[in-house]
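Colleague: Here's a sequence, model it:
(one chain, ligands or ions: 2)
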Amino acid sequence: MKEILLGVNVDHVATLRQARGTNYPDPVHAAAVAEHAGADGITIHLREDRRHIQDRDVYVMAKTLQTRMNFECAVTEEMLAIALEIKPAYVCLVPEKREELTTEGGLDVAGQKEKLTDAVKRLTDAGIKVSLFIDADKTQIDAAKEVGAPYIEIHTGCYADATTDEEQAKELARITEGVKYAHGKGIIVNAGHGLHYHNVKPIAAIPEIYELNIGHAIVARAAIDGMSKAVSDMRKLMKEARQGI
Ligand SMILES: CC(=O)[C@@H](O)[C@H](O)COP(=O)(O)O
Ligand SMILES: NCC(=O)COP(=O)(O)O
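Modeller: Residues are numbered from 1 along each chain as shown. Ligands and ions are numbered 1, 2, ... in the order given. Model (predicted):
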């Protein structure tokens with residue numbers, strides 16, 4: 001069965017740095033260690049409120065990453081200008097609310113097709129592969145196809161936040177159906193948000209998923225075991241899931 005790729009999100013290395021306004025820990029350093037440990041790519045989310053990743057981190061990583069950058073950002077002129085300047089391999093357009101603790105849901109593509117068609121075209125014309133961070137919802141998947149996005153990233157937050165086995169099974173079924181529906185339409189399907197060492201395998205086992213973007217849980221594990229082991233342990237779980245172990 002095809003290997004599933006791992007994008008390591010280093011946002012929360014920057015959260016620890018911002019907590020004290022120091023210059024350590026450096027997400028640039030963390031990204032290099034994650035790449036050495038086998039990460040297939042590095043994801044960073046430059047939020048409008050700069051609560052964790054800073055502009056400096058983006059510009060430095062644009063020069064130092066050995067794998068590839070998945071630049072997550074809101075659909076604003078400010079962020080599109082930065083993306084068009086650094087030209088990362090990937091841009092993932094995500095919804096953002098300043099008051100949110102973390103990303104709460106998927107982008108409403110269906111409700112802003114014209115704006116997203118324009119953003120996707122501008123980024124694609126610059127040679128950037130565009131992904132849309134959406135819920136496992138057929139209307140949103142159809143809209144993603146309509147606006148020309150070659151990739152989507154299915155939001156796995158409700159699956160991760162489920163409080164009962166029944167709810168988690170229902171969310172897994174919903175994600176699985178959405179992944180297969182999108183794949184059937186020729187979209188390359190990633191997934192992420194809230195995945196950790198005890199819930200990743202059922203998602204990684206979905207054969208049509210191309211890549212998982214995982215951050216908070218890896219950074220948390222790195223605080224105990226180090227980034228290298230945190231990344232290699234996650235990759236091992238994902239590989240086992242694909243092998244049906
Ligand atoms: C879009 C997504 O799921 C992640 O990038 C998530 O946003 C991590 O960053 P926060 O924890 O700041 O939301
Ligand atoms: N798009 C998901 C991501 O980049 C990481 O989300 P999380 O693992 O930090 O919840």
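Colleague: Work out for me the element residue 132 sits within.
Modeller: Using DSSP states H and E, residue 132 maps to strand 129-134.
Colleague: Parallel or antiparallel, list what pairs with that strand.
Modeller: Paired neighbours of strand 129-134 in the sheet (DSSP bridges): strand 90-93 (parallel), strand 151-155 (parallel).
Colleague: How about residue 18, nearest residue that isn't a chain neighbour?
Modeller: In space, not counting the residues next to it along the chain, residue 18 is nearest to residue 52; the distance is 5.8 Å by C-beta to C-beta, 6 or more residues apart in numbering. Any C-beta I mention is one placed from the backbone N, CA and C, and that applies to glycine too.
Colleague: secondary structure class for the residue most central in space within the chain?
Modeller: Compute the mean C-alpha point of the chain, and by C-alpha atoms, centre = their mean the closest residue is residue 213, 4.0 Å away. Secondary structure, DSSP: H, G, I helix; E, B strand; the rest coil: residue 213 is strand.
Colleague: Next one, pLDDT for it please.
Modeller: If you check residue 213, the pLDDT there is 98.
Colleague: contacting residues for it?
Modeller: When contacts are counted by C-beta atoms under 8 Å, 6 or more residues apart in numbering, residue 213 touches 7-9, 43, 70, 92, 153, 190-193.
Colleague: Buried ones in stretch 137-147, by neighbour count?
Modeller: 137, 140-141, 143-145, 147 (16 or more other C-beta atoms under 10 Å).
Colleague: For the residue nearest to the centre of the chain, give the beta-bridge partners.
Modeller: Residue 213 forms beta bridges with residue 7, residue 192, as assigned by DSSP bridges.
Colleague: Look up how far ligand 1 lies from it.
Modeller: Taking C-beta to the nearest ligand atom, to the nearest Å as the measure, residue 213 falls 7 Å from ligand 1.
Colleague: Over to residue 38?
Modeller: Distance from residue 38 to ligand 1, by C-beta to the nearest ligand atom: 20 Å.
Colleague: And residue 225, by the same measure?
Modeller: Relative to ligand 1, and taking C-beta to the nearest ligand atom, residue 225 is found at 21 Å.
Colleague: how about the strands in the chain?
Modeller: For the chain, the strands defined by DSSP state E occupy 5-9, 41-45, 69-73, 90-93, 129-134, 151-155, 188-192, 209-214.
Colleague: Switch the ones you listed over to JSON lines; also include distance to residue 23.
Modeller: Output for the strands of the chain, formatted as JSON lines (distance: least, C-beta to C-beta, whole Å):
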{"stretch": "strand 5-9", "distance to residue 23": "20"}
{"stretch": "strand 41-45", "distance to residue 23": "17"}
{"stretch": "strand 69-73", "distance to residue 23": "21"}
{"stretch": "strand 90-93", "distance to residue 23": "27"}
{"stretch": "strand 129-134", "distance to residue 23": "30"}
{"stretch": "strand 151-155", "distance to residue 23": "31"}
{"stretch": "strand 188-192", "distance to residue 23": "28"}
{"stretch": "strand 209-214", "distance to residue 23": "25"}
